[in-house]
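[1] Sequence and predicted model, in that order:
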Amino acid sequence: MTQLKSKGFIVIALVVVVISSLALAQDPPSTIKIDRIENLYKASNFDHKGHVEVSDSCKTCHHTYKKGAGPVKPCFDCHKAEVDENNPEMIGYKGALHLQCMGCHKENGIDNSCVSCHEKK
Ligand code: HEC
Ligand code: HEC
Ligand code: HEC
Ligand code: HEC
């Protein structure tokens, strides 16, 4: 059921994209704010403790962490919300989180539907 709902959501999102690109063809805006999802989903809840229990090491996720070299840094210190012009190859914040979270879930056969991490509003 969640599966079906999220497919329906993607179809709606595609329709919105098509409609807005028709509008773009007439009147190109200088900036586009991408926040379509914000009104549909809440930010994700993450059970850090539970995940420490199911992971081999802190480095599984904090992949740049070195023991004794200071505190664990938040992902956001290095993976920014927007493309870093000095380092355009660097994966952004959402991509880094999605790749890491969903990558491991996929390997372990855990639900990766949007609502498993982002509660519906
Ligand atoms: C399954 C992935 C995962 C594992 C394993 C994990 N963490 Fe985290 N941890 C995260 C995520 C995601 C955050 C949120 C980071 C952010 O806000 O950028 C976080 C946040 C933190 C923070 C807060 C950082 C800050 O300043 O906001 C600390 C400290 C931390 N983890 C320590 C650890 C330690 C120590 C271990 C090993 C015992 C560990 N973590 C294992 C994913 C993980
Ligand atoms: C100190 C800086 C730093 C921190 C903190 C950091 N990263 Fe990264 N991350 C990098 C760099 C640099 C790369 C690219 C080179 C590499 O793969 O190591 C990268 C690559 C990645 C990749 C692989 C991208 C690909 O193309 O395969 C993922 C996924 C990722 N980071 C997720 C995270 C997550 C999630 C966190 C927080 C739990 C985090 N990173 C914390 C610097 C950081
Ligand atoms: C290293 C592997 C790994 C990574 C990375 C990981 N997870 Fe998980 N996650 C798991 C495992 C294993 C479970 C199942 C745990 C259990 O059933 O007790 C799980 C379960 C969950 C659940 C509950 C899902 C359900 O349907 O019961 C949520 C929500 C979740 N993870 C969110 C996240 C988020 C958000 C991130 C990234 C910040 C993340 N996970 C990164 C391995 C991982
Ligand atoms: C395994 C967990 C997981 C799954 C599954 C997942 N996400 Fe996320 N997503 C995250 C995490 C963690 C973040 C970072 C959230 C934060 O720090 O506020 C994020 C961020 C986002 C953001 C940016 C949020 C913001 O506040 O800017 C969007 C948009 C998003 N996800 C959409 C989706 C959609 C659409 C799906 C389904 C196709 C999905 N996500 C599936 C974990 C997940």
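    Yep, that arrived. Bear in mind the structure is a predicted one, so any value in this text is a computation, not a measurement. Ligands and ions are numbered 1, 2, ... in the order given.
[2] what residue ranges in the protein score low on pLDDT?
    1-38 (pLDDT under 70).
[3] one more time with 50
    Counting by pLDDT under 50, the chain shows low-confidence ranges at 1-5, 8-26.
[4] Near ligand 2, which residues of it are found?
    Contact residues, the chain versus ligand 2 (Cβ under 6 Å from any ligand atom): 61-64, 73, 75, 77-79, 91, 96-97, 99-100. C-beta here means a position set from N, CA and C on the backbone, and glycine is covered the same way.
[5] rerun at 8 Å
    61-65, 72-79, 89-91, 95-97, 99-101, 103 (Cβ under 8 Å from any ligand atom).
[6] What distance do you get for K42 to ligand 2?
    Distance from K42 to ligand 2, counting by Cβ to the nearest ligand atom, to the nearest Å: 19 Å.
[7] And for the nearest residue to that residue once chain neighbours are set aside, the neighbour number?
    Nearest residue to K42, sequence neighbours excluded (Cβ to Cβ, 6 or more residues apart in numbering): E119, at 4.6 Å. By the criterion of other Cβ atoms under 10 Å, E119 has 12 neighbours.
[8] List phi and psi for E119.
    E119 adopts backbone torsions of phi -60, psi 150, taken as degrees, to the nearest 10.
[9] Next: Y41.
    Main-chain dihedrals, Y41, degrees, to the nearest 10: phi -120, psi 150.
[10] so it makes contact with K121?
    Yes - Y41 lies in contact with K121 (Cβ atoms under 8 Å); the separation is 6.6 Å.
[11] So which of those two has more stuff around it?
    Taking neighbours as other Cβ under 10 Å, Y41 and K121 compare with Y41 leading, 15 against 8.
[12] any idea how far H63 is from the more buried one?
    Here Y41 is placed at a distance of 26 Å from H63 (Cβ to Cβ, to the nearest Å).
[13] V115 too?
    Where H63 is concerned, V115 sits at a distance of 27 Å (Cβ to Cβ).
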